[in-house]
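Peer 1: Whatever this is, show me its structure:
(one chain, ligands or ions: 2)
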Amino acid sequence: MTELILFWHRRDLRLRDNLGLAMACDRSPLVAGVFCFDPALLTAADLAPVRVAYLLACLQELQESYGRVGGDLILLHGDPRQCLPALAQALGAAAVYWNQDVEPYARQRDPAVAGALKTLGIESQASFWDQLLHAPGEVKTAAGDPYTVYTPFWRNWVKQPKANPWPCPQGLAQLTAAQLAAATAVGATGLPTLEDLGLVWPGEWSMPPGELAAHQRLEDFCQSSQGLEAYHHQRNFPWLEGTSRLSAALKFGAIGIRTVWASTLEAAQHARSSEAAEAIQTWQQELAWREFYQHCLYFFPALATGPYRSQWQDFPWVNHPDQFQAWCTGRTGYPIVDAAMRQLNQTGWMHNRCRMIVASFLTKDLIINWQWGERYFMQHLVDGDQAANNGGWQWSASSGMDPKPLRIFNPATQAQKFDATADYIRQWLPELQSLETEWLVTGKIPPPHRERLAYPAPLVDHRRQQAIFKQKYQAQRQAQARALPPGHRES
Ligand code: FAD
Ligand code: FO1
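Peer 2: Numbers count the residues shown, from 1 in each chain. Ligands and ions are numbered 1, 2, ... in the order given. From the prediction side, this is the model:
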């Protein structure tokens, strides 16, 4: 008799180039997909409704994709430690397969699910690193340690041979009516709406969700002369659509990372100039940042709850709640910061240059704990990803694995350099449309104009805050150095 294998989707919401799914289909033609709506994730304090909206749209497409190849996607609600083994037992499944993840929650959940399945005599296969080109541990220093600095990681990572995309399952066998009834009996349901999950997302998409849209976007990005080949020059300008916007697709696995990598190799073969080749490599480096941060979270799970550098433990943050609120709502009086926060609040996405600007502003100008910002980003980003977000925040706060100890962005200099014509600022702060570019980029808006437009005065003075911040930082370092025995002092 043909064995039934269940494939548990979590952040790999696609059929194409899915390692664990391909392995399940290699073993049996009778593979059914499962997704479990997990209350622990869906009621998390850092949940963003836009991310769940993206997830639901991916699931709808995934259900249709299963239908097209003859298979089924079963949807469950509940703690996967209970509902997944119950389903597997009710259907008489021989095994449950899934792809591994680096997040601390997954690393507790997954062995518990495997344990519960084992108790029922059901096998689990969960050793597949689908979401990465290289599994944690595959790229290590000469001493065999995980990297803590990006550049040597990249040099080693890029040299390693990478797998090709995995084939898409074809001709899956359908569950019988009795199996479908058994699934319903243990709680399988139809696809809920966002409202069914108690969430609302009235905003616009920064990028249409799902597997088809992600593939289309990758193709357009890699083939257009204004996409990948121009990335090196365009990626820092937030008024341009100069980046791929594939981050949510990569977070949820609406596209496979091997597929993305293969596109970069193909583009490199046809590169029209040395600048184009350089641009392709720059984009590959971003994909490597994604992997670097996932490896970091895997090897240093404590990153999820605190700073990597010890001098940031107990840092005397100011943590002014009203100033935090002003930052969140885009009312700091610094136009580039406010424009970026409005982009985030309205679309669930923010340009990378602006993520760095607002993160530096929160931590170094408002002197607010980076973890407040990290959480706010997770509550609003469509691509909110624990490893990348934590990495980005710790980089910006100087508390992480960045050899440069102190990084402070001047918002006016950043705006002058990357939004020189204030197009981005005007797009997201339409009330300031008519003001002079010079005022917008420097943030020096004459008070009568500011007042007329009900735009706030700058919340703080950048130079003054920089001095206060540096003073606190030095005092903290000295206190730490005194507390540590010789030989244990950090640079
Ligand atoms: P592209 O420039 O086209 O890059 C391609 C892909 O590479 C991205 O889709 C992403 O998967 C990856 N990538 C690019 N830059 C980085 C980076 N610095 N770190 C890790 N991966 C990267 N990225 C997220 O995916 N989720 C987050 O929650 C997140 N939070 C961030 C928070 C802060 C404070 C900062 C500074 C950066 C954060 N990033 C995060 C990284 C980066 O801003 C986004 O990945 C990028 O803006 C997404 O746009 P894109 O898809 O057009 O990127
Ligand atoms: N994965 C699930 O298996 N079930 C969920 O209900 C679920 C919700 C969810 C919401 C937001 C988000 O960013 C991710 C979500 N995921 C969900 C994916 C999640 O990232 C993975 O399950 C991780 O492995 C958890 O550590």
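Peer 1: And for residue 102, nearest residue in space, chain neighbours not counted?
Peer 2: residue 298 (4.1 Å; Cβ to Cβ, 6 or more residues apart in numbering). All C-beta spots, glycine's among them, are computed from the backbone N, C-alpha and C.
Peer 1: Residue 148 now?
Peer 2: residue 401 (4.7 Å).
Peer 1: and if you look at residue 128?
Peer 2: Closest to residue 128 by Cβ to Cβ, 6+ apart is residue 20, at 4.0 Å.
Peer 1: Report the contact partners of the one you found.
Peer 2: 7, 12, 97, 98, 99, 125, 126, 128, 130 (Cβ atoms under 8 Å, 6 or more residues apart in numbering).
Peer 1: ok, so what distance separates the fifth one from residue 317?
Peer 2: Here residue 99 is placed at a distance of 38 Å from residue 317 (Cβ to Cβ, to the nearest Å).
Peer 1: Name the residues that touch stretch 1-9?
Peer 2: 20-21, 24, 27-36, 62, 73-74, 80, 84, 87-88, 91-98, 113, 173, 175, 179.
Peer 1: Looking at the contacts of residue 20, which one is closest to residue 366?
Peer 2: residue 12 (37.7 Å; Cβ to Cβ).
Peer 1: hang on, the earlier thing: mark which of the contacts of stretch 1-9 are part of helices, please.
Peer 2: Among the contacts of stretch 1-9, the ones falling in helices (DSSP state H) are 20, 21, 24, 27, 62, 80, 84, 87, 88, 91, 113, 179.
Peer 1: Export those residues to CSV and append columns for pLDDT and distance to ligand 2.
Peer 2: Shown next, in CSV, are the ones in helices among the contacts of stretch 1-9 (pLDDT from 0 to 100; distance: Cβ to the nearest ligand atom, whole Å):
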residue, pLDDT, distance to ligand 2
20, 98, 13
21, 98, 15
24, 97, 17
27, 95, 22
62, 97, 12
80, 98, 7
84, 98, 10
87, 98, 13
88, 98, 15
91, 96, 18
113, 98, 10
179, 94, 22
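Peer 1: Could you pull out the strands in the protein for me?
Peer 2: 5-9, 31-37, 73-77, 95-99, 123-128 (DSSP state E).
Peer 1: elements contacting the second one?
Peer 2: Spelled out, it's strand 31-37. Applying 3 or more Cβ pairs under 8 Å, 6 or more residues apart in numbering; DSSP states H and E, one finds that strand 31-37 contacts strand 5-9, helix 19-27, helix 49-68, strand 73-77, helix 80-91.
Peer 1: list the contacts for whichever residue of the stretch 301-450 of the chain sits closest to ligand 1?
Peer 2: Here the stretch 301-450 of the chain gets closest to ligand 1 at one residue, residue 392, 2.4 Å apart by Cβ to the nearest ligand atom. Neighbouring residues of residue 392 by Cβ under 8 Å, 6+ apart: 293, 355, 356, 359.
Peer 1: which one of these has the most neighbours?
Peer 2: The member of these that has the most neighbours, counting by other Cβ atoms under 10 Å, is residue 293 with 25 neighbours.
Peer 1: Nearest to the spatial middle of this structure, which residue is it?
Peer 2: residue 385 (3.0 Å; Cα atoms, centre = their mean).
Peer 1: That one - nearest residue in space that isn't next to it in sequence?
Peer 2: Residue 385's closest residue in space is residue 251 (Cβ to Cβ, 6+ apart), at 4.5 Å.
Peer 1: and the one you found, how many residues sit next to it?
Peer 2: Residue 251 has 23 neighbours, counted by other Cβ under 10 Å.
Peer 1: who are the neighbours in contact with it?
Peer 2: Contact analysis of residue 251 by Cβ under 8 Å, 6+ apart lists 11, 51, 383, 384, 385, 388.
Peer 1: Could you export those as CSV, including distance to residue 330 and pLDDT?
Peer 2: Formatted as CSV, the contacts of residue 251 follow (distance: Cβ to Cβ, whole Å; pLDDT from 0 to 100):
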residue, distance to residue 330, pLDDT
11, 30, 98
51, 20, 98
383, 19, 98
384, 18, 98
385, 23, 98
388, 22, 98
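Peer 1: now the residues you listed as CSV including distance to ligand 1?
Peer 2: Listed next are the contacts of residue 251 as CSV, based on distance: Cβ to the nearest ligand atom, whole Å:
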residue, distance to ligand 1
11, 12
51, 10
383, 4
384, 5
385, 4
388, 4
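Peer 1: Name the residues of this structure found near ligand 2, please.
Peer 2: 10-11, 36-38, 41-42, 47, 51-52, 55, 101, 103, 105-106, 384 (Cβ under 6 Å from any ligand atom).
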